[in-house]
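Visitor: Sequence first, predicted model second:
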Amino acid sequence: MKRQIQNDIAAALARIAADSGSSATALPEITVERARDDQHGDYASNAALALARALRRKPREIAEAIIASLPSNPNLARVEVAGPGFINFFLTPAAHQALIPAILGVAENYGRSDLGAGRRTLVEFVSANPTGPLHIGHGRGAAYGATLSNLLAVAGHDVTREYYVNDAGRQMDILTLSIWLRYLELCGRGFVFPDGAYRGEYVRPVAAKLFAEVAHEFDLDPAACFAGLPAAADADANLDNMIGRARARLGAQRFERVWRLGLDDILGDIRDDLSQFGVHYDNWYSEHSLTQSGRVDACIARLEASGDLYRKDGALWFRSTAHGDEKDRVVVRENGQRTYFASDIAYHLGKFERGFERAIDVWGADHHGYIARVRAALAAQKLDPAAFEVLLVQFATLYRGSERVQMSTRSGEFVTLRELRNEVGNDAARFFYVTRRPEQHLDFDLELAKSHTSDNPVYYIQYAHARVCSLMRQLKEKGFVFDQPQALANLERLAEEQERTLLVSLGRYPEVIEDAARAREPHQVCFYLRDLAHAFHTCYNAHQILVADPSLRNARVALALGTRQVIANGLAVIGVSAPESM
RNA sequence: GCCCCGGUAGCUCAGGGGAUAGAGCGACGGCCUCCUAAGCCGUAGGUCCCAGGUUCGAAUCCUGGUCGGGGCACCA
């Protein structure tokens, strides 16, 4: 409908241009929007205001001329000039009512769009290091990434959801060391657990598992690992040293065994957690496999061949400043180890080699400094940097009422996603995470998310869905049967103001999906669903649906069923369940 | 110092060139002999952080401040 009106205006402008003999000059952008106020009809355009300057005529005059030249459109009841020169379009009641067969006809496909034109799109999100359980910050990335993926899919993109598993780096070695040390504690050895190793409680069960599997086979005095390390040196260097010694002490095979156990256990926990959260991936992409396959080396060779690398201070540097970064970056460290950035280049180049036309990464806001260098790497390989899109998600802070929930990273203890889900439930967690603009810092109030009252917007929306389901049960109990043909033949009976408002809201859904997908803003769907539920509740309170008059009753039931469908479709996008009763 | 994000009602936030700035919560007042009151209706509540600028028109764009969060590794 919106598009039809845009076309109508374009046609009118073309006709005016032809009549006046002037060639179609470059026109400013003309927008057609939903009118905010009922009095302004259904849609409004600023065309006349935007053209006033170029045509050197009064806006209202231009508006009149446009209206006079509009092609006839049976969906429009009237078109009028208002305010400083807006053109307001009023749809006929029939045009609104026609939404009902449209929705019921395509059901779960209502709202689908070809906006994305089947573009192969890779959405990478969460990608937390498999060195510990997911915390509430990851939860936001998970909810946002999953919802965005759904949204893009519904809007016609060919979406692949991917988790990049950082299972190759130093962090994994630290985890391995940490597990082994906790294991040694279980073996009864006493020592001071080093700074910088993972102190979280979650390491202990992994160590216990190791003990259960190997008994005392890995039980070696760790004193040699700690001996003679300079107390003044930074903890990182000492830790690297300890890792090296532990590896030597255990031998590559046993070290690898602990490494594998830790990875399997913790990554398994992460997969489990996300899956329970309704976050599903098409692909888990291992950094380790990327390294093993030689693709990182191949990538470095390619950058070397294109002259983008140079050697300085014993390290190999990528000249990212040549492609817009603020400083050059190391890809191979002085000690010969490749940096995380090296495999990250290979991974991101690979996304396009794998045939994706667009790569979308969801990152925490603290990674923003990383964008320029990845983009530089793509540019160096003559890939379109614009095809790589990074969406930053700001931090989340937990509150219990007005009380801030403290998270201590020092002790390694933090509120995990699993704890959050257990406390507030998956539906409320998904909704709360995604209801805020991603660039807004999120204050997550546990009390509000948990409340089973009208305070909670999740229940408010779900309740509208459950109410329609309840209505259908009532219908049956009262001995009625829904007669769809009769309903569709009597839609003109939906003449109440609240019914019109509800119909307008139903008609907005496809526009909301497209706008939200275009802007990568899932929160628009949340706000829309709140509005839709409100329109329904208002209607429900104002007018009895299961009335005696069959044609009116069937028409109203059809409206309720259409509403239920759209709520279910919208909730599916944000990953929240649509209950049949509450 | 440089870079990114934010500042809108008591609180949490939408709106991001266009018509009297919106919602939820909180406050106050109404509505269940009637399809779920997890609902509906109403009232009160605003220096859209500040100062300049662009524009017919600025909460919205630009510049400079200011306050808050984050980032500036041969860590990931």
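Guide: Yes, it's here.
Visitor: who's in contact with A:Gly425?
Guide: Contact partners of A:Gly425, counting by C-beta atoms under 8 Å, 6 or more residues apart in numbering, are A:Ala449, A:Lys450. Every residue, glycine included, has its C-beta placed from N, CA and C.
Visitor: what's the burial count for the nearest residue to A:His280 once chain neighbours are set aside?
Guide: Leaving aside its sequence neighbours, A:His280 sits nearest to A:Arg161 (C-beta to C-beta, 6 or more residues apart in numbering; 6.9 Å). By other C-beta atoms under 10 Å, the residues close to A:Arg161 number 22.
Visitor: what do you get for A:Asp313?
Guide: 7.
Visitor: Could you give the number of residues near A:Ala386?
Guide: Neighbour tally, A:Ala386, other C-beta under 10 Å: 9.
Visitor: pLDDT score for it?
Guide: Per-residue confidence at A:Ala386 stands at 86 (pLDDT).
Visitor: list the contacts for it?
Guide: A:Ala386 touches nothing, counting by C-beta under 8 Å, 6+ apart.
Visitor: gap between it and RNA strand B?
Guide: 16 Å (C-beta to the nearest atom of the strand, to the nearest Å).
Visitor: Tell me the secondary structure of that residue, please.
Guide: Each residue gets one of three states, and A:Ala386 gets helix by DSSP: H, G, I helix; E, B strand; the rest coil.
Visitor: wait, is the residue nearest to A:His280 part of a strand?
Guide: Yes. Assessed with three-state DSSP, A:Arg161 lies in a strand.
Visitor: right, and it touches A:Gly145 too?
Guide: Yes. Using C-beta atoms under 8 Å, A:Arg161 is in contact with A:Gly145, at 7.5 Å.
Visitor: Which residues are in contact with each of those two?
Guide: The contact sets of A:Arg161 and A:Gly145 overlap at A:Val123, A:Phe125 (C-beta under 8 Å, 6+ apart).
Visitor: count of residues packed around A:Leu115?
Guide: 17.
Visitor: out of everything not next to it in sequence, what's closest to it?
Guide: Spatial nearest neighbour of A:Leu115, excluding adjacent residues (C-beta to C-beta, 6+ apart): A:Ala155 at 4.6 Å.
Visitor: Quick check: the one you found vs A:Ala489, distance?
Guide: Applying C-beta to C-beta, to the nearest Å, the value for A:Ala155 to A:Ala489 is 33 Å.
Visitor: Could you do A:Ile62 as well?
Guide: Distance from A:Ile62 to A:Ala489, by C-beta to C-beta: 42 Å.
Visitor: quick one: which of those two has more around it?
Guide: A:Ile62 (23 against 13).
Visitor: Now do the contacts for the more buried one.
Guide: A:Ile62 makes contacts with A:Ala47, A:Ala48, A:Leu51, A:Ala52, A:Leu55, A:Gly85, as judged by C-beta under 8 Å, 6+ apart.
Visitor: and RNA strand B, which of the residues you listed reach it?
Guide: A:Ala52 (C-beta under 7 Å from any atom of the strand).
Visitor: Among the contacts of A:Ile62, which lie within strands?
Guide: If you go by DSSP state E, the contacts of A:Ile62 have nothing in strands.
Visitor: List just the nearest of the contacts of A:Ile62 to RNA strand B.
Guide: Among those, A:Ala52 lies closest to RNA strand B (C-beta to the nearest atom of the strand), at 6.3 Å.
Visitor: Counting neighbours, what do you get for that closest one?
Guide: Neighbours of A:Ala52 under the rule other C-beta under 10 Å: 20.
Visitor: Spatially nearest residue to it (excluding sequence neighbours)?
Guide: Here the residue nearest A:Ala52, using C-beta to C-beta, 6+ apart, is A:Pro59, at 4.4 Å.
Visitor: The one you found against A:Gly85, yeah?
Guide: Yes. Counting by C-beta under 8 Å, A:Gly85 is a contact partner of A:Pro59 at 2.8 Å.
Visitor: Mind listing the shared neighbours of those two?
Guide: A:Ala48, A:Leu49, A:Ala52.
Visitor: Next, report how far stretch A:272-279 is displaced from the centre of its chain.
Guide: Averaging C-alpha positions (C-alpha atoms, centre = their mean, to the nearest Å) puts stretch A:272-279 15 Å from its chain's average.
Visitor: Next: stretch A:125-144.
Guide: On C-alpha atoms, centre = their mean, the centre of stretch A:125-144 falls 13 Å from the chain's centre.
Visitor: Is A:Glu580 in a helix, a strand, or coil?
Guide: Under three-state DSSP, A:Glu580 falls in the coil class.
Visitor: which outside residues touch stretch A:250-268?
Guide: A:130-133, A:165, A:167, A:172-173, A:175-176, A:179-180, A:183, A:202, A:205-206, A:209-210, A:213-214, A:217-218, A:220, A:246-247, A:284.
Visitor: got it, and stretch A:174-190?
Guide: By C-beta under 8 Å, 6+ apart, stretch A:174-190 touches A:130-132, A:191, A:193-194, A:196-199, A:203-204, A:206-208, A:210-211, A:216, A:218-222, A:239, A:242-243, A:246, A:250, A:255, A:258-259, A:261-262, A:266.
Visitor: Now with 6 Å, please.
Guide: For stretch A:174-190, the external contacting residues (C-beta atoms under 6 Å, 6 or more residues apart in numbering) are A:131, A:197-198, A:203-204, A:206-207, A:210-211, A:219, A:222, A:243, A:246, A:258-259, A:262.
Visitor: ok, which pair from the residues you listed is furthest apart?
Guide: A:Thr131 and A:Asp219 (23.5 Å; C-beta to C-beta).
Visitor: Comparing the two, which residue is more hemmed in?
Guide: Neighbour totals were compared for A:Thr131 and A:Asp219, and A:Thr131 leads with 23 against 16 (other C-beta under 10 Å).
Visitor: what packs against the least confident helix or strand in chain A by mean pLDDT?
Guide: None of the helices or strands of chain A scores lower by mean pLDDT, DSSP states H and E than strand A:403-404, at a mean of 77. Of the remaining helices and strands, none touches strand A:403-404 by 3 or more C-beta pairs under 6 Å, 6 or more residues apart in numbering; DSSP states H and E.
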